[in-house]
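In: after the sequence you'll find the predicted model.
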Amino acid sequence: MADILSLRDAVAGLVKDGDTVALEGFTHLIPMAAGHELIRQGRRDLSLVRMTPDLIYDQLIGAGCAKALRFSWGGNPGVGSLHRLRDAVENGWPRPLELREHSHADMANAYTAGASRLPFGILRGYAGSDLPKHNPDIRFIECPFTGERLAVSPAVRPDVTVIHAQKADRKGNVLLWGILGVQKEAALAADKVIVTVEEIVDRLDAPPNACILPNWVVNAVSHVPGGAFPSYAHGYSARDNRFYIDWDEISRDRERFTAWIQRHVRDTEDFNGFRTVYAEGTKGAA
């Protein structure tokens, strides 16, 4: 049975410096609140994993929390580059960042391999691609049955996976719906799992087979309404498009970024505090 914990206590108890951490979500249900708590608690030397790192990874990297990133696409969705990620890669600020880039299909297979406790993921892929020249973890084997040349990559096995979802019950059974990425696989592949949710209920009114994350998979559930902001939670909140546009300018300049992180994250007590400070700033700019 999962523990019902505050997000502060969940991160403090389950995430250590040097861990491999996956904060997964796709388009919506991005675990922004959990990422902020990692920054707030000053985690360092994290090896981050995610198929599609976006703003929260830009913030984690710019705040100096990460030493490595394994991914398959990175950007500010609908806007442009992740400037803190680029600065870390191109200039080593605030520290050098080791990159391992894969295709989407490769990352999905690597997560599935981790969830299956297999050593590597396997796929038909990378024909004509230069990625294997730049990523030594992408290798090729010959199928013992057909002789076909197949690509392989090491399984993703996070120390901690963090996701955001719509509902959980008090035992820690989790429901999420809408556009999904690899949340289930990322949770099953991990040693420990933290789930932030929009609401905790006494009983999940779920059809058979709808609960893809039962309580035995999850270590901690934290009640964080709006914890995906500025992304959205299907059925609960809308995407804040302005935030993504504003972030492009905020993140371009090191001093402006550092001041933003200090005011909005490090100087706030929790994600509610961040939302309050952000809302006040938005009103002032209107």
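Out: Perfect, thanks for sending it. Owing to the predicted nature of the structure, the values given are computational and were not obtained by experimental measurement.
In: where exactly do the helices run in the stretch 151-286 of the chain?
Out: Along the stretch 151-286 of the chain, counting by DSSP state H, counting those that start in this stretch, helices occupy 183-189, 241-250, 254-261, 271-285.
In: out of these, nearest to residue 63?
Out: Closest to residue 63 of the helices of the stretch 151-286 of the chain is helix 254-261 (Cβ to Cβ; 5.5 Å). All C-beta spots, glycine's among them, are computed from the backbone N, C-alpha and C.
In: tell me the angle that closest one makes with helix 271-285.
Out: 120 degrees (axes from the mean of the first three to the mean of the last three Cα atoms, to 10 degrees).
In: ok, residues contacting helix 254-261?
Out: Outside helix 254-261, the residues that touch it by Cβ atoms under 8 Å, 6 or more residues apart in numbering are 39, 59, 62, 63, 83, 84, 87, 93, 249, 250, 251.
In: which among these count as buried?
Out: The neighbour-count test (16 or more other Cβ atoms under 10 Å) marks 39, 59, 62, 63, 83, 84, 87, 93, 250, 251 as buried among the contacts of helix 254-261.
In: inside helices: which ones of those residues?
Out: The members of the buried ones among the contacts of helix 254-261 that map onto helices under DSSP state H are 39, 59, 62, 83, 84, 87, 250.
In: pull the most distant pair out of the contacts of helix 254-261.
Out: By the measure Cβ to Cβ, 39 and 249 form the most distant pair in those, at 19.9 Å.
In: now residue 110: closest residue in space that isn't a chain neighbour?
Out: residue 121 (4.1 Å; Cβ to Cβ, 6 or more residues apart in numbering).
In: pop out the phi and psi values for the one you found.
Out: phi -100, psi 150 (degrees, to the nearest 10).
In: quick one: contacts for residue 188?
Out: Going by Cβ under 8 Å, 6+ apart, residue 188 touches 114, 115, 217.
In: again, 10 Å this time
Out: By Cβ atoms under 10 Å, 6 or more residues apart in numbering, the residues touching residue 188 are 111, 112, 114, 115, 116, 117, 161, 182, 212, 213, 217.
In: lovely, talk soon.
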